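Student: sequence plus the predicted model coming up.
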Amino acid sequence: MSAQTANLGVPPAPAAAAESEPPRRRRRNHLPYLLLAPTLLWLVVFFVVPIFTSVSASVQEGSLDQGYALTWRWANFADGWNQYNGQFGRSLLFAFLCTVFCLLMGYPLAYFIAFKGGRWKTLLMALVIVPSFTSFLIRTIAWKTILSDNGVIVHALSSLHILGFTSAIGFTVGNHVLASPAAVVCGMVYNFLPFTVLPLYTSLEKIDPRLHEAGADLYCSPLATWRRVTLPLSMPGVVGGTLLTFIPAVGDYVNAQLLGNPNTIVIGQSIEHEFLQDSTGYPIASALSVILMAATLAIVLVYVKKAGTEDLL
Amino acid sequence: MVSRAAVPGESPGADGDLRLERVTKRFGSFTAVDDISLSIPQGSFFALLGASGCGKTTTLRMVSGLEDPTQGRIYLGQREVTDLKPYKRPVNTVFQNYALFPHLDIFENVAFGLRRRGVKDVRGQVEQMLELVELGHLARRKPAQLSGGQQQRVAVARALINQPQVLLLDEPLGALDLKLRRQMQIELKRIQTEVGLTFVHVTHDQEEAMTMADTIAVMNAGRIEQLGSPAQLYENPASTFVANFLGQSNLISGEVTGKDGDVITLDAQGRRLTLPVARARVEAGRIIAGVRPEKVSLALDESAIPAGHNVLTGGVVSDASFIGVSTQYLVKMPWGPEVGCEEMSVFEQNTGREIHRPGTPVLLHWHPAQTFGLDGSQDLDAGADLDDEAAA
């Protein structure tokens, strides 16, 4: 009994069970715990403790010079929210746009690789991931060149008279693409696309292509087959991919910093500002982080509940 | 020699006949289906039989529209469907691996086609269909929760409910174990008789084809070797391929020495054999004489053999397996593979006959009328090794 439960990784019931067992079988299997230990330790030190510190700091008071004291100052949250709700909204909007564009671009790509890739599948997926071998920062800075005023993109957009329209709705600024919301979203989409594609590809690749034939056989046009068969079966990938994109995108501020302007400041930048530049901002920064975490968690939960339960296997 | 495929009561050349006219399918330089012409009468149970890679599944897929023919035309009744998209054809398929939609329950799987066509009274029809395949109680289960046999019946129900002009079955029983397969064969045949639709069944299992089909087309290398009723194919194979692939055959090659009325005499290594002209594919030159194992009897000496029988001497029993209903012998013959089967098969009914032990010298004999004659220029072993694969 005890040997069995230990094998399953469940803590064995000690005294009573051990007594009834012959001594030979009493040796417990410690391997599962041993293998888990480093990860658990890591999570405690770098996840549980920081969360605790961060939440605790969000209700403290004080300054860098005088030190901080836990005074349960809940007003930090109200102060932070009142001062930075615009940045919160922008972060969520950018993350939402980024997720939507990643999904719109990533789904066809993953679909193509999974069903039409044939023996090139692995190579094509590698190509999706290969850019990540270069530093995130360098790739984002490269977008400065790509979107610069004398670059091809700005030239093409302005000669097609698209820039006028995008500037009118506030996506770009005047005759520039760089230092605009559009540039920030472009950079985010570029950086997060692999995170959307990978889970999508994994779930699409698992779908038996013969189900497409069954759909065609049962009066479904290719589009109807996708709608009725492929999409529901790829929902785990859609949910996984959008979460893996949305969650880091909400907190991302590198793209906004490098490709944006003073009007594209996102919550990450505000937190950094409070934390590093304001000697009394430490608690506010923590409160902002906690609000961000809570908001993200709430959105994710609602989303998973809406999208997740119905058609998933 | 009238094909049994024509069902009594159906008008001849009915509007629902499935016709393939000179259909060819090439994949690159490989010709999967080579200039096939077929006519399958409405309401018949038709089997395409052949080893893997013979083009039978490709033929089926061209009928369903999942594959486009390189050349040739396909007609359903008067209507040409060659270029019609699969989702617009009045044809449904039972797929080899069933291809049930894993995210839908059994009810929704079966209702799928009806819903796409916007048919009314989906519930009533689905319930009726699930009753027909005896799965009404499992309507709300997901496919993964069903056994192979149950999934197979769902696949049949999902296709059948659309009342297609032709139901295509692509090795639908391949994944089932032997006992379940036998049961499903009978069940499928029952359903076909009940609904009266045209079934086109692709299989590599010759027993399955013979059990279920009215007409069998034996395919080999993209062509139809022979087409006919199970009995015709078994008793009068047109080629060594059919003789070996469909059941077993004992084949001996020889030279025609004479023709006397409706009897042909041939000489095989000094042994004289006779066969009816009506069962011979050639009447002169090289000929291959064949006889099915259950037609052959064993004798210990000449005196026990009825007059006029074909006799082969010099055999030694090399293996005897008692399988209850019969005893199956392998008899080693005193010749090489250039003459004929080195080991002849003999099935003797277990009617109280003496069982011969391995090592016993025996004579093989059978009534000349049981002999068929094939063109002598063919490979004696064609289709023989494939039969092992089919039986597996």
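Tutor: Right, received. Where do you want to start? Numbers count the residues shown, from 1 in each chain, chains lettered A, B, ... in the order given.
Student: look at the closest residue to chain A within the stretch 201-350 of chain B and tell me its secondary structure.
Tutor: In the stretch 201-350 of chain B, no residue comes nearer to chain A than residue B:202, which is 14.5 Å away by CB to the nearest CB. Glycine gets a C-beta too; all of them are placed from N, C-alpha and C. Using DSSP: H, G, I helix; E, B strand; the rest coil, the structure places residue B:202 in strand.
Student: so it makes contact with residue B:171?
Tutor: Yes. Under the criterion of CB atoms under 8 Å, residue B:202 makes contact with residue B:171 at 5.7 Å.
Student: overlap in contacts of the two?
Tutor: residue B:57 (CB atoms under 8 Å, 6 or more residues apart in numbering or on different chains).
Student: more neighbours: the two, which one.
Tutor: A direct count of neighbours by other CB atoms under 10 Å in any protein chain shown for residue B:202 and residue B:171 places residue B:202 higher, at 27 against 20.
Student: what's opposite that one in the beta bridge?
Tutor: residue B:48, residue B:170 (DSSP bridges).
Student: if I pick it, what's in contact with it?
Tutor: Residue B:202 makes contact with B:47, B:48, B:56, B:57, B:59, B:60, B:168, B:169, B:170, B:171, according to CB under 8 Å, 6+ apart.
Student: same deal with residue B:226?
Tutor: Counting by CB under 8 Å, 6+ apart, residue B:226 touches B:217, B:218, B:233, B:237, B:238, B:239, B:242.
Student: at 10 Å instead, please
Tutor: Counting by CB atoms under 10 Å, 6 or more residues apart in numbering or on different chains, residue B:226 makes contact with B:49, B:216-220, B:232-233, B:236-239, B:241-243, B:245-246.
Student: which bits of the stretch 151-300 of chain B sit near chain A?
Tutor: B:155, B:158, B:159, B:161, B:162, B:164, B:168 (CB under 10 Å from any CB of the partner chain).
Student: most neighbours out of these, which is it?
Tutor: Counting neighbours by other CB under 10 Å, residue B:158 leads those with 32 neighbours.
Student: look up how far residue A:294 lies from the residue of the stretch 201-350 of chain B closest to chain A.
Tutor: 59 Å (CB to CB, to the nearest Å).
Student: got it, and residue A:29?
Tutor: Counting by CB to CB, the separation of residue A:29 from residue A:294 is 40 Å.
Student: and these two? which has more neighbours close in?
Tutor: The neighbour comparison of residue A:29 against residue A:294 (other CB under 10 Å) goes to residue A:29, with 16 against 11.
Student: re earlier: so which one among the contacts of residue B:202 has the lowest pLDDT?
Tutor: Lowest pLDDT of the contacts of residue B:202: residue B:171, 90.
Student: and the residue in the stretch 51-200 of chain A that chain B sits nearest to, what pLDDT?
Tutor: The minimum distance from the stretch 51-200 of chain A to chain B, using CB to the nearest CB, falls at residue A:118 (14.0 Å). pLDDT recorded at residue A:118 is 90.
Student: what's near enough to touch it?
Tutor: Per CB under 10 Å, 6+ apart, neighbours of residue A:118: residue A:124.
Student: so which residues of the stretch 101-250 of chain A form helices?
Tutor: Counting by DSSP state H, counting those that start in this stretch, the stretch 101-250 of chain A has these helices, from start to end: A:121-129, A:136-146, A:152-159, A:162-168, A:181-205, A:210-217, A:222-225, A:231-251.
Student: residue B:361: which of those is closest?
Tutor: Across the helices of the stretch 101-250 of chain A, residue B:361 has its closest neighbour in helix A:210-217 (55.8 Å, CB to CB).
Student: thinking again about what came up before, same list (the residues of the stretch 151-300 of chain B next to chain A) but as TSV, adding distance to residue A:252 and secondary structure.
Tutor: Converted to TSV, these look like this (distance: CB to CB, whole Å; DSSP: H, G, I helix; E, B strand; the rest coil):
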residue	distance to residue A:252	secondary structure
B:155	48	helix
B:158	47	helix
B:159	50	helix
B:161	51	coil
B:162	51	coil
B:164	54	coil
B:168	53	strand
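Student: of all those residues, which two lie farthest apart?
Tutor: Between any two of these, the greatest separation by CB to CB is 14.8 Å, found for B:161 and B:168.
Student: how about residue A:132: what's its closest non-neighbour residue?
Tutor: Leaving aside its sequence neighbours, residue A:132 sits nearest to residue A:194 (CB to CB, 6 or more residues apart in numbering or on different chains; 6.1 Å).
Student: element containing the residue nearest to residue B:382 when sequence neighbours are not counted?
Tutor: Counting by CB to CB, 6+ apart, residue B:241 is the residue found nearest to residue B:382 once chain neighbours are left out, at 4.2 Å. In the assignment (DSSP states H and E), residue B:241 maps to helix B:240-245.
Student: who's in contact with the closest residue to residue B:175 other than its chain neighbours?
Tutor: Taking CB to CB, 6+ apart, and ignoring the residues beside it in sequence, residue B:175 has residue B:148 as its nearest neighbour in space, at 5.6 Å. Residue B:148 sits next to B:98, B:173, B:175, B:176, B:177, B:180, B:181, B:184 when contact means CB under 10 Å, 6+ apart.
Student: any idea how many residues pack against the last one?
Tutor: Counted with other CB under 10 Å, the neighbours of residue B:184 add up to 20.
Student: what bits of the chain have low per-residue confidence?
Tutor: In the absence of a named chain, this looks at chain A. Within chain A, the segments meeting pLDDT under 70 span A:1-27, A:308-313.
Student: other chain: chain B
Tutor: In chain B (pLDDT under 70), the answer is B:1-14, B:385-392.
Student: how about the helices of it, start to end?
Tutor: Applying DSSP state H to chain B gives helices spanning B:56-64, B:106-117, B:122-132, B:148-160, B:178-195, B:206-212, B:230-235, B:240-245, B:384-391.
Student: deepest in the core, which of those helices is it.
Tutor: Comparing those by mean neighbour count (mean count of other CB atoms under 10 Å in any protein chain shown), helix B:240-245 ranks first with a mean of 26.
Student: distance from that one to the middle of the chain?
Tutor: Mean-position distance between helix B:240-245 and its chain equals 11 Å (CA atoms, centre = their mean, to the nearest Å).
Student: which helices and strands sit right next to that helix?
Tutor: Helix B:240-245 is packed against strand B:215-220, strand B:223-228, helix B:230-235, strand B:250-260, strand B:286-291, strand B:372-375, helix B:384-391, with contacts defined by 3 or more CB pairs under 10 Å, 6 or more residues apart in numbering or on different chains; DSSP states H and E.
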